[in-house]
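*Asks:* here is a sequence with its predicted model. Questions after.
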Amino acid sequence: MLKRHSFPFHTNLFRGLRALWVRLPKSVRHEFWTLAGTRWQSTYARARIAKPAARREANPTDPIVVAGLFSTANGIGEGARNTYRALKAAGLDPIAVDLSEPFAPIDVKTDILCQQMPDSEQGTLILQLNGPETMSALQHLGMEFERNWFTIGYWAWELPVFPAQWDDAFPYLSEIWTISEFSASAIKQHPKAPPVEVFGHAISTPTKLHQSRQKFGWKDQEFVFLTMADSMSSLERKNPFSAIRAFKSAFAHDPRYRLVVKTRNLNRHALARDDLNAAIGDNPNIQLFDESLSEEDIWLLINSADAFVSLHRSEGFGLVLAEAMALGKPVICTDWSGNMDFTTNDTAALVASTLVNCKDKYGVYRDLNTKWAHADEQMAAELMKKVSGNKEFRTNLAARAKERIVEVADVRKIGAQMSDRLSLLASARFAPDI
């Protein structure tokens, strides 16, 4: 297991050599690294990253930092914002450090005050990025050799196998948090994985909710189904194509029904954009809406729809599903992967699926030795008809869905669970294998 490092001789030697190094002329240092090449540059950069503490110190003045994509409108960014709010709801005082600029698009404005990474020698860092970004993020945060922080990698993963090369991050993490039992099962497959804890996304709905169908061009008399996908997360995985085919099968061109396909980043993936446009074709009651929205407008969009549809092939958690349920919207979704932590036959209209080989034509997921789901599109079409045509059914389903999210994903409950874990890590009861 991970050991808490305490190497005063090596630290002093490192600092001494570093002091000598920075005295050399920049031209000499530049020439050295040019001759050394990228491999040695990478090796040196990794050697400078601090190894994690094996236990969390009990000092109440040590900072707790949540570092993540606070200014990015994707699931990982929303996860970081939710983690921060959960810890605040639990009475803690976390510091938010925004990593959007070096790692992702800046396309959302958050109401969370973000600060610089504190220069404390020790503390607790919750790094809400995935394995491939871990080392670069720690370098960016200045987590160098002499630091002694308890470092938690808060990961999201969407396939049932451990992701290739994510284990490169293990030496820099004290433990891993992840978003579902499905994700945890994949991560725990690795024999050298640090301790893994599950904390589902905390769902915090806005205090003021309203609808504005006119804002999105929807008529009051239409029944609006909403599905969402980000091309950066693979349209093959999010699979709006099945939702489109199921909708066409159920309603054809009937103007009383509308399917809204909300996407992001289609401009980055021309093939995905073309495929989506071809799938929609000339159907006048399917609306493609490709835009990054503010947090407020995302909630407004979901709340203005009548039902949410996700015929995904796999989800690490299914954040938007949970958000729709929290708003009391009936959800139609695939009966497989991370969402099964909170979607049941009582709380969602589950669509039966079969497991098929994982083939992603858009190249985001490349492990061909695993499976993901293909939802029964005809069953989905029948459930769309039932949800839209049976008011009593959808009302009862939506009410149970809302109760379920309060039960398992309320921001105060998740915050309390996180706080309890952090307290245990700092207590005498916690005995790491050192």
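*Replies:* That came through fine.

*Asks:* need the contact list for the closest residue to L113 other than its chain neighbours.
*Replies:* Closest residue in space to L113, ignoring its immediate chain neighbours: A96 at 6.7 Å, by Cβ to Cβ, 6 or more residues apart in numbering. For the C-beta atoms, the positions are set from N, CA and C on the backbone; glycine is no exception. The contact partners of A96, by Cβ atoms under 8 Å, 6 or more residues apart in numbering, come to V65, V66, A67, F70, A80, Y84, I112, L113, C114, Q115.

*Asks:* where does the second one land in three-state SS?
*Replies:* At V66 the chain is in strand, as set by DSSP: H, G, I helix; E, B strand; the rest coil.

*Asks:* follow-up on the earlier one: mean confidence for the helix or strand hosting the residue nearest to L113?
*Replies:* Here A96 sits within strand 95-98, counting by DSSP states H and E. Mean per-residue pLDDT for strand 95-98: 98.

*Asks:* those helices in the stretch 1-150 of the chain, which residues are they?
*Replies:* Using DSSP state H, counting those that start in this stretch, the helices found in the stretch 1-150 of the chain span residues 8-23, 26-48, 75-89, 100-103, 131-140.

*Asks:* packing partners of the third one?
*Replies:* Which is helix 75-89. Applying 3 or more Cβ pairs under 8 Å, 6 or more residues apart in numbering; DSSP states H and E, one finds that helix 75-89 contacts strand 64-68, helix 319-326, helix 411-425.

*Asks:* other residues contacting the second one?
*Replies:* In other words, helix 319-326. 75, 78-79, 200-201, 203, 205, 226, 228, 299, 302, 305, 308, 310, 315, 331, 333, 339, 342-343, 347-348, 398, 401-402, 404-406, 409.

*Asks:* return the members of those classed as buried.
*Replies:* The neighbour count (16 or more other Cβ atoms under 10 Å) marks 75, 78-79, 200-201, 203, 205, 226, 228, 299, 302, 305, 308, 310, 315, 331, 333, 339, 342-343, 347-348, 398, 401-402, 404-405, 409 as buried among these.

*Asks:* looking at these, which are in helices?
*Replies:* Those of those mapping onto helices are G75, E78, G79, W299, I302, A398, A401, K402, R404, I405, A409, per DSSP state H.

*Asks:* and which of those is nearest L422?
*Replies:* Nearest to L422 out of these is G79 (Cβ to Cβ; 17.3 Å).

*Asks:* wait, that closest one touches W155, no?
*Replies:* No: counting by Cβ atoms under 8 Å, G79 stays clear of W155, with 9.9 Å between them.

*Asks:* for the two, list the residues in contact with both.
*Replies:* Contacts common to G79 and W155, judged by Cβ under 8 Å, 6+ apart, are I179.

*Asks:* show me the strands in the protein, by range?
*Replies:* For the chain, the strands defined by DSSP state E occupy 64-68, 95-98, 124-127, 150-155, 175-178, 196-198, 223-230, 257-264, 286-290, 307-310, 331-334, 349-351, 353-357, 371-375.

*Asks:* quick check, A246 in contact with L311.
*Replies:* Yes: at 6.7 Å, A246 counts as touching L311 under the criterion of Cβ under 8 Å.

*Asks:* which neighbours do these two share?
*Replies:* Any residue near both A246 and L311 by Cβ under 8 Å, 6+ apart counts here, and that gives E377, A380.

*Asks:* which residues does the residue nearest the centre of the chain contact?
*Replies:* The centre of the chain sits closest to I76, judged by Cα atoms, centre = their mean, with a distance of 3.2 Å. Applying Cβ under 8 Å, 6+ apart to I76 gives the contacts G68, L69, A104, Q128, L129, N130, A156.

*Asks:* ok, and the most crowded of those residues?
*Replies:* Within those, G68 tops the neighbour count with 30 neighbours, counted by other Cβ atoms under 10 Å.

*Asks:* not counting its neighbours along the chain, what's nearest that one?
*Replies:* In space, and not counting its chain neighbours, G68 is closest to A80: 2.7 Å by Cβ to Cβ, 6+ apart.

*Asks:* any idea how far the one you found is from V161?
*Replies:* In this view, A80 and V161 are 25 Å apart by Cβ to Cβ, to the nearest Å.

*Asks:* repeat that for I152.
*Replies:* 23 Å.

*Asks:* of these two, which one has the most company?
*Replies:* Using other Cβ under 10 Å as the criterion, I152 and V161 rank with I152 on top: 26 against 14.

*Asks:* list the contacts of that one.
*Replies:* T124, L125, I126, L127, L173, S174, E175, I176, W177.

*Asks:* which among the residues you listed gets closest to K371?
*Replies:* Among the contacts of I152, I176 lies closest to K371 (Cβ to Cβ), at 23.3 Å.

*Asks:* correct me if wrong: the closest one contacts A193.
*Replies:* Yes: at 6.8 Å, I176 counts as touching A193 under the criterion of Cβ under 8 Å.

*Asks:* shared neighbours, the two?
*Replies:* What both I176 and A193 touch, as defined by Cβ under 8 Å, 6+ apart, is the set I187.

*Asks:* for these two, indicate the residue with more neighbours.
*Replies:* I176 (23 against 18).

*Asks:* can you read off the pLDDT for that one?
*Replies:* Confidence at I176, expressed as pLDDT, is 98.

*Asks:* who does it bridge with?
*Replies:* I176 has the following beta-bridge partners by DSSP bridges: G153, V196.

*Asks:* ok, it - contacts?
*Replies:* I152, G153, Y154, W155, I187, A193, P194, P195, V196, E197.

*Asks:* which regions of the stretch 1-150 of the chain sit below the pLDDT cut-off?
*Replies:* For the stretch 1-150 of the chain, applying pLDDT under 70 flags the ranges 1-19, 21-22, 26, 28-47.

*Asks:* go again using 90 as the cut-off
*Replies:* 1-48, 50, 54-55, 58, 144-146 (pLDDT under 90).

*Asks:* check the stretch 301-434 of the chain too.
*Replies:* In the stretch 301-434 of the chain (pLDDT under 90), the answer is 366-369, 428-434.

*Asks:* can you do 80?
*Replies:* Scanning the stretch 301-434 of the chain for pLDDT under 80 picks out 368, 428-434.

*Asks:* residues touching L69, list them.
*Replies:* The neighbours of L69, taking Cβ under 8 Å, 6+ apart as the test, are I76, G77, A80, D98, L99, S100, F103, A104, Q128, L129.

*Asks:* how close does the second one sit to F199?
*Replies:* G77 sits at a distance of 17 Å from F199 (criterion: Cβ to Cβ).

*Asks:* more neighbours: these two, which one.
*Replies:* Legend: neighbour count by other Cβ under 10 Å for G77 and F199, higher for G77 (25 against 21).
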